[in-house]
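[1] here you go, sequence then predicted model.
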Amino acid sequence: MTEFAPLDDAGAIKADPFRVGQRYTIKDPLGKTIEIPEAAVDDFDYFDAAEEEGLRSYYEREGYVVVRGLIDPDECDRAHAIFEREVKPSDSFIYRQATANPERNVYTRYGFVLNSILNVQSLDPRRFPDFRKTGADLITSNRVQATLRALFGEPGKLVQSMYFEGNPATWAHQDTYYLDSEHIGAMTAAWFAVEDIKPGGGRFYIYPRSHLYDVAKNSGVYDIAFNHARYKDLVKRAIEDQGFECRAPALSKGDVLFFNAKTIHGSLESPDPQYSRRSFTAHYIPDSHRFLQHQSTIKPLKLKSINGMNVNHPKDLTYFSNRVILAVETTFPKSFQLAKRLVTKAATSLSLG
Ligand SMILES: O=C(O)CCC(=O)C(=O)O
Ligand SMILES: [Fe+2]
């Protein structure tokens, strides 16, 4: 149970260190057996949105924080229902999170979409108008913006988003390797539980305090273009060497977990694949910062305002030109992907200076 005990200087923190509720036994990313809370009633209370000072100091110290009930559960149900109707039965090509390539839906044996969607705000509005709008509204809602203001000390802007249904069991990583603010570690990501997340359905995990540790720069022998596997191994070694401890908070529908760009995270395996793990994630940087990709390239953002928040729309399929690019990517996938890797390699090598 020690993995759930708040740390010594937790004085001001509301989380209850002595609550030992129902536990679920599972393997962590290193293959070690751990116990995780079965449901939110078995876990810490963490914070509600009004406790801005408490949640900010917890986030700064631990590298993550859970805000309970930030999103209205009805809004989560609406997003889920629209996904079922509009996206799930579709055979269209959609950009995916794990590869950044356009792919058709891949389903688990229980019928959940396994290849998570990249950038819901850029989905083709002719094919997925309601999911695009509902998803973008949810991740830019006023209460999310207020929490970001509390964390950043200024408004946030959204640089990237995702939607998951099935569990791809995401490898342990720090987001900063892929994307961040120009000021490393200033990006915050948010993991939105669209349903009560079961412990065996692909629980999201973080390693508290790992945001204080530098794993590796995205370049040379650890570059993403040709050495991604080596980077993934290095993260696991860092976890082992530093003695970080895996924590997989129980999130109920509408709860949101905010985590730092340097916090090591991923999702656990799914011993119970009959459960989905419906969730949005969104990545935000302070509005005054520039966006850094692969720790090498300042990437101009394609901003449009949604609910008064600046939102990046990469490869926005509203536009004919982007639909042409998608068609080329799906017609010549091998050559397009190789070209993309070579460009990325060039960018991360140049950044070696
Ligand atoms: O939920 C997951 O499996 C991974 C999400 C993630 O890595 C992210 O949003 O940065
Ligand atoms: Fe991530």
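    In hand now; what should we look at? Ligands and ions are numbered 1, 2, ... in the order given.

[2] wait, a strand at Leu292?
    Yes: according to DSSP: H, G, I helix; E, B strand; the rest coil, Leu292 belongs to a strand.

[3] got the contact list for the spatially most central residue of the chain?
    The chain has Thr281 as the residue nearest its centroid, 4.2 Å off, counting by CA atoms, centre = their mean. Neighbour list for Thr281: Ser161, Met162, Phe164, Ala189, Ala190, Trp191, Phe192 [criterion: CB atoms under 8 Å, 6 or more residues apart in numbering]. (Each C-beta comes from the backbone N, C-alpha and C, glycine too.)

[4] distance check, it against ligand 1.
    Distance of Thr281 to ligand 1, computed by CB to the nearest ligand atom, to the nearest Å: 3 Å.

[5] do Asp223 as well
    The value you get for Asp223 to ligand 1, if CB to the nearest ligand atom is used, is 19 Å.

[6] check Leu148 too.
    15 Å.

[7] okay but that residue is in contact with Gly156, surely?
    Yes: the criterion here is CB atoms under 8 Å, and Leu148 meets it with Gly156 at 3.5 Å.

[8] between those two, what contacts are shared?
    Common neighbours of Leu148 and Gly156 (CB under 8 Å, 6+ apart) are Thr188, Tyr284.

[9] how many neighbouring residues does Ser288 have?
    10 (other CB atoms under 10 Å).

[10] check the offset of stretch 162-177 from the chain's centre.
    6 Å (CA atoms, centre = their mean, to the nearest Å).

[11] typo on my end, it should be stretch 267-279
    That offset, for stretch 267-279, works out to 15 Å (CA atoms, centre = their mean).

[12] average model confidence for it?
    For stretch 267-279, the mean pLDDT works out to 98.

[13] any idea how far apart the tips of that stretch sit?
    12 Å (CA to CA, to the nearest Å).

[14] residues near Ala100, how many?
    15.

[15] what's the answer for the one 10 residues further on, then?
    Here the neighbour count serves as a burial measure; for Tyr110 (other CB under 10 Å) it reads 12.

[16] setting aside sequence neighbours, what's the nearest residue to it?
    Computed as CB to CB, 6 or more residues apart in numbering, the closest residue to Tyr110 that is not its neighbour in sequence is Gln274, at 5.4 Å.

[17] do you know how far that neighbour is from Gly200?
    Separation of Gln274 from Gly200 (CB to CB, to the nearest Å) stands at 9 Å.

[18] those two: which is more packed in?
    Higher neighbour count among Gln274 and Gly200: Gly200, with 20 against 12, using other CB under 10 Å.

[19] got a list of what that one touches?
    Contacts of Gly200 by CB under 8 Å, 6+ apart are Tyr24, Ile26, Ser270, Pro271, Asp272, Tyr275.

[20] can you check Met309 too?
    Contacts of Met309 (CB under 8 Å, 6+ apart): Thr140, Gln145, Pro155, Gly156, Lys157, Leu158.

[21] picking that back up, out of the contacts of Gly200, who's the most crowded?
    Ser270 leads the contacts of Gly200 on contacts (other CB under 10 Å) with 23 neighbours.

[22] secondary structure class for that residue?
    From three-state DSSP, the assignment for Ser270 is coil.

[23] make 6 the starting number, not 1.
    Shifting the count to begin at 6 puts that one at Ser275.

[24] hmm, Pro173 and it touching each other?
    No: applying CB under 8 Å as the test, Ser275 and Pro173 come out as separate, 9.5 Å apart.

[25] which residues do these two both contact?
    Gly207.

[26] go through the lowest-mean-pLDDT helix or strand in the chain and flag the buried ones.
    Lowest by mean pLDDT, DSSP states H and E among the helices and strands of the chain is helix 338-355, with a mean of 72. Neighbour counts using 16 or more other CB atoms under 10 Å place Phe341, Thr349, Lys350, Ala352, Thr353 of helix 338-355 among the buried residues.

[27] for the residue nearest to the second one when sequence neighbours are not counted, what are its contacts?
    Ranked by CB to CB, 6+ apart and with sequence neighbours excluded, the top spatial neighbour of Thr349 is Ala230, at 4.4 Å. Residues touching Ala230, when contacts are defined by CB under 8 Å, 6+ apart, comprise Arg346, Leu347, Thr349, Lys350, Thr353.
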